[in-house]
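A.B. asks: from the sequence below, what's the structure:
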Amino acid sequence: MTDSAILASGLRKAYKDKVVLDGIDLEVRAGTIFALLGPNGAGKTTTVNILTTLLKADGGTVRVAGHDAATGAKAVRAAIGVTGQFAAVDELLTGEENLRLMVDLKGFPTNDGKRIVKQLLERFDLVESARKPASTYSGGMRRKLDLAMTLVGNPRIIFLDEPTTGLDPRSRRTMWAIIRELVSEGVTILLTTQYLEEADQLADRIAVLDQGRIVAQGTPDELKRQIPGTHVRLRFATAAQLDAAARILPDSTRDDEALALRVPSDGGTTSLRALLDRLDEYSLSADEFSVHTPDLDDVFLALTGHSTEVAAK
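C.D. replies: Modelled structure (predicted):
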C-alpha cells in the first residue's frame, strides 16, 4: 500500500434526476482516521458504498489499498472491512457463533479460527455474553460484535458508516477508544458521522459533505481557523477596570454581568502579545485570560447555512 490508503477523484452518482454525489475528491492517508462529516442525505453512505465496491459510480476513479475499485474489486474487498449504520449480526446466533461464522467464511483452519474468536471476544469485552443470543445484546454490544466480526481477517482499511448512531454516550466513547486503538496498530479508518463531536475527537482530517459536494477539507483545527469568530475573553476584578479596558479596546464586546470583554483576535501569538502590551500601557491587568475558537458546529453552519441537526430532519 502506498501512503494513500484511499484515493478518489471526481466521484459522481445520480438516481434519475437526483444528483447524490457531484464530483467528490478524497485522499485518506494510511494509518489515519478520516471523517466524512455531514447530515443525513448528504451522500455519506453512497460514498462509502462506492469506495467499498458495493455500488458503481457514474463517473470518477477510486483506488483502495492500491487497487482500482472498478477493475480490481475482488482485491479491494480482500483488503478492507466494513461496518454499517446497523449492526450486521445474526440475532439468532450467539456472539461466539457470529464470530465463528465469519472465521469459517474466511476459510481459517479450525485451530486458528478458535484462537481468533477467543482473542476478539476478549478484546471487545464480550466473553461473559459470548454464549448469549445476539438478540439479547444492547446496542453498544451489537456494535462491538459487528466491529469484531469486521476484524476477522485483519483488514488494514476499515470503513465505519455512522458506527455510533443511536448509542448512549458511554457506549459511544467505548467505540471511540476501540477506534483509536485500531489506528495505533496501523489500521486506516474512514468514518462517516453526523456527530460533530465525534469528528472533532477522532479525525486526523475531516471532509465536510453537503448536498453531494465536499465544501471543505482539513484537520479539525484548520477548519475551525477558516471561520471568523476567534476571540480573546478578558475578565476583570472591578467595573472600573472593565470600563477602562473597554475604552482602549473599542472593537471589544462587553459583558457587564461577568465583568468581561470579548476582543476579536486571530488567536496568534503576535496579536495576543499586542493585546497584552496595550493593557500594560494603561496599567491594566485581567484576572482571567482565555482564547476561544469556533467549534465544528460553527464551521458547518458557516459552510452550509444550516447545522447538522437541522439538516438531518
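A.B. asks: how about the strands in the stretch 101-250 of the chain?
C.D. replies: Along the stretch 101-250 of the chain, counting by DSSP state E, counting those that start in this stretch, strands occupy 157-161, 188-193, 205-210, 213-218, 231-235.
A.B. asks: quick one: mean pLDDT over the fourth one.
C.D. replies: Which is strand 213-218. Averaging pLDDT along strand 213-218 yields 93.
A.B. asks: please apply the same query to stretch 280-291.
C.D. replies: Here the average pLDDT along stretch 280-291 is 94.
A.B. asks: who touches that stretch?
C.D. replies: With CB atoms under 8 Å, 6 or more residues apart in numbering as the test, stretch 280-291 has contacts from 230-237, 241, 244-245, 248, 260, 265, 267, 272, 279. Bear in mind the C-beta positions are built from the backbone N, C-alpha and C, glycine included.
A.B. asks: same thing with stretch 248-268?
C.D. replies: Outside stretch 248-268, the residues touching it (CB under 8 Å, 6+ apart) are 230-239, 241-242, 245-246, 271-272, 275, 278-279, 281-282, 284, 288, 291, 293.
A.B. asks: any of the residues you listed buried? List them.
C.D. replies: The neighbour-count test (16 or more other CB atoms under 10 Å) marks 230-236, 241-242, 245-246, 271-272, 275, 279, 284 as buried among those.
A.B. asks: could you work out the most separated pair of those residues?
C.D. replies: Pairwise distances across the buried ones among the contacts of stretch 248-268 peak at 23.6 Å for Thr230 and Gln241 (criterion: CB to CB).
A.B. asks: which residues touch the residue most central in space within the chain?
C.D. replies: Nearest to the mean C-alpha position of the chain, by CA atoms, centre = their mean, lies Ala199 at 3.0 Å. Taking CB under 8 Å, 6+ apart as the criterion, Ala199 is in contact with 35, 37, 191, 193, 206, 220, 296.
A.B. asks: try it again at 7 Å.
C.D. replies: Shown in contact with Ala199 (CB atoms under 7 Å, 6 or more residues apart in numbering): 35, 37, 193, 206, 296.
A.B. asks: okay, now the third one: neighbour count?
C.D. replies: For Thr193, the tally of surrounding residues (other CB atoms under 10 Å) stands at 23.
A.B. asks: my guess is it meets Asp161, correct?
C.D. replies: No: counting by CB atoms under 7 Å, Thr193 sits too far from Asp161 to count as a contact (9.0 Å).
A.B. asks: output the below-cut-off pLDDT ranges for the stretch 1-150 of the chain.
C.D. replies: 1-2, 85-87 (pLDDT under 70).
A.B. asks: which residues does stretch 168-177 contact?
C.D. replies: Residues outside stretch 168-177 that contact it (CB under 7 Å, 6+ apart) are 139-140, 143, 163-164, 167, 201-202.
A.B. asks: list the buried ones in it?
C.D. replies: 171-172, 174-176.
A.B. asks: looking at those, which are in helices?
C.D. replies: Counting by DSSP state H, the buried residues of stretch 168-177 place 171-172, 174-176 in helices.
A.B. asks: could I get those residues as a markdown table with distance to Leu120 and pLDDT?
C.D. replies: Rendered in a markdown table, the data for those read as follows (distance: CB to CB, whole Å; pLDDT from 0 to 100):
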| residue | distance to Leu120 | pLDDT |
| --- | --- | --- |
| Ser171 | 18 | 88 |
| Arg172 | 21 | 89 |
| Thr174 | 15 | 90 |
| Met175 | 15 | 90 |
| Trp176 | 19 | 94 |
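A.B. asks: Leu126: which of those is nearest?
C.D. replies: Set against Leu126, the nearest of these by CB to CB is Thr174 (11.8 Å).
A.B. asks: state the distance from that closest one to Leu160.
C.D. replies: When distance is defined by CB to CB, to the nearest Å, Thr174 is 14 Å away from Leu160.
A.B. asks: mutual contacts of these two, please.
C.D. replies: Common neighbours of Thr174 and Leu160 (criterion: CB under 7 Å, 6+ apart): none identified.
A.B. asks: what's the closest non-adjacent residue to the residue nearest to the centre of the chain?
C.D. replies: What sits nearest to Ala199 in space, not counting adjacent residues and going by CB to CB, 6 or more residues apart in numbering, is Ala35, at 4.1 Å.
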